[in-house]
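A.B. asks: model the following, please.
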Amino acid sequence: MAKSDDKAEDAGLSGNLPEIVTYLFDGEGRARPASLKELAEQKEGENAIAFAWVHLHRGHRDVTDWLKESGLDPFVVEALTADETRPRCTVHGEGALLNLRGVNLNPGSEPEDMVSVRLWVEEKRVVGVWRRPLMAVRDMFDAIERNQAPVSPGDLVAKLALRLADRAEPTVAALNEQIDVLEEQVMDETAEINRSQIARLRRLSIVLRRFMVPQRDALTTLEIEGYALARRP
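C.D. replies: Below is the predicted model of the structure:
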């Protein structure tokens, strides 16, 4: 059964994602890894970075302390660590909170058990918090290492959303193929209809729609209300 929240996600399942990742971006398609300490020492000036991305595993022992000491509003910290993670976008002050979900492609998992990523997006920084690994995030890290980095916080969100959609596409395509097969069976009066398969496909389609439609709306909200955050340079 699909989870409506992430209460069970803090089991330390880091998968193939590092538990704390920090990238400093130059705004021209390149980025370099850094430490949280180096990020804190960044200053405005000639060699200033365009923006930073900090991506944190919720189960790491240092994450809660860093979030509290990072200058984030307590409301933002609470939202990034909350159990409920239905897709949404909330503009708050000079930034936006964004919850996104992707199809669960982790070994041994059901695709409909959607996996969340929480993001705080502001002009010079993106802070992400996760509890179970998303392959779409791994894809982002790989692209950055190939010098195909986002050029702005809005570009980062856009690229991540596209990765989530790309990763979900095979699941959706397989669902459509199975539905086509069932439709042919329904038209064949001699065919036996597998009602348990119908129930499974119906459940999967309901879950995907339950999360994908609000996710589309959340991204639209970011584009409309996020102003400079949602725009690429």
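A.B. asks: and Pro18, what's its pLDDT?
C.D. replies: Pro18 is assigned 86 on the pLDDT scale.
A.B. asks: residues near it, how many?
C.D. replies: Counted with other C-beta atoms under 10 Å, the neighbours of Pro18 add up to 14. Every C-beta, even on glycine, is put in place using the N, C-alpha and C of the backbone.
A.B. asks: quick one, what contacts it?
C.D. replies: Counting by C-beta atoms under 8 Å, 6 or more residues apart in numbering, Pro18 makes contact with nothing.
A.B. asks: quickly find the element holding Pro214.
C.D. replies: Element membership for Pro214, per DSSP states H and E: helix 195-225.
A.B. asks: buried ones in that helix?
C.D. replies: Residues 201, 204, 207-208, 210-212, 214-215, 218-219, 221-223 are the ones in helix 195-225 that count as buried (16 or more other C-beta atoms under 10 Å).
A.B. asks: tell me which of those residues is nearest to Asp83?
C.D. replies: The shortest approach to Asp83 among those belongs to Phe211, at 15.8 Å (C-beta to C-beta).
A.B. asks: wait, what's in contact with the closest one?
C.D. replies: Contacts for Phe211 (C-beta under 8 Å, 6+ apart) come out as Arg86, Pro87, Arg101, Met114.
A.B. asks: for the second one, grab phi and psi.
C.D. replies: So the one you mean is Pro87. As for Pro87, its main-chain torsions (degrees, to the nearest 10) stand at phi -60, psi 130.
A.B. asks: still on that earlier bit, would you reformat the buried residues of helix 195-225 as JSON lines and include distance to Phe141?
C.D. replies: Listed next are the buried residues of helix 195-225 as JSON lines, based on distance: C-beta to C-beta, whole Å:
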{"residue": "Leu201", "distance to Phe141": "33"}
{"residue": "Leu204", "distance to Phe141": "28"}
{"residue": "Val207", "distance to Phe141": "27"}
{"residue": "Leu208", "distance to Phe141": "25"}
{"residue": "Arg210", "distance to Phe141": "28"}
{"residue": "Phe211", "distance to Phe141": "23"}
{"residue": "Met212", "distance to Phe141": "24"}
{"residue": "Pro214", "distance to Phe141": "26"}
{"residue": "Gln215", "distance to Phe141": "21"}
{"residue": "Ala218", "distance to Phe141": "23"}
{"residue": "Leu219", "distance to Phe141": "21"}
{"residue": "Thr221", "distance to Phe141": "26"}
{"residue": "Leu222", "distance to Phe141": "22"}
{"residue": "Glu223", "distance to Phe141": "24"}
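A.B. asks: with distance to Ala165 and pLDDT added, can I get those residues in a markdown table?
C.D. replies: Shown next, in a markdown table, are those (distance: C-beta to C-beta, whole Å; pLDDT from 0 to 100):
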| residue | distance to Ala165 | pLDDT |
| --- | --- | --- |
| Leu201 | 20 | 77 |
| Leu204 | 17 | 76 |
| Val207 | 16 | 74 |
| Leu208 | 12 | 76 |
| Arg210 | 16 | 74 |
| Phe211 | 12 | 75 |
| Met212 | 9 | 79 |
| Pro214 | 14 | 85 |
| Gln215 | 9 | 87 |
| Ala218 | 13 | 89 |
| Leu219 | 10 | 88 |
| Thr221 | 17 | 86 |
| Leu222 | 15 | 85 |
| Glu223 | 15 | 81 |
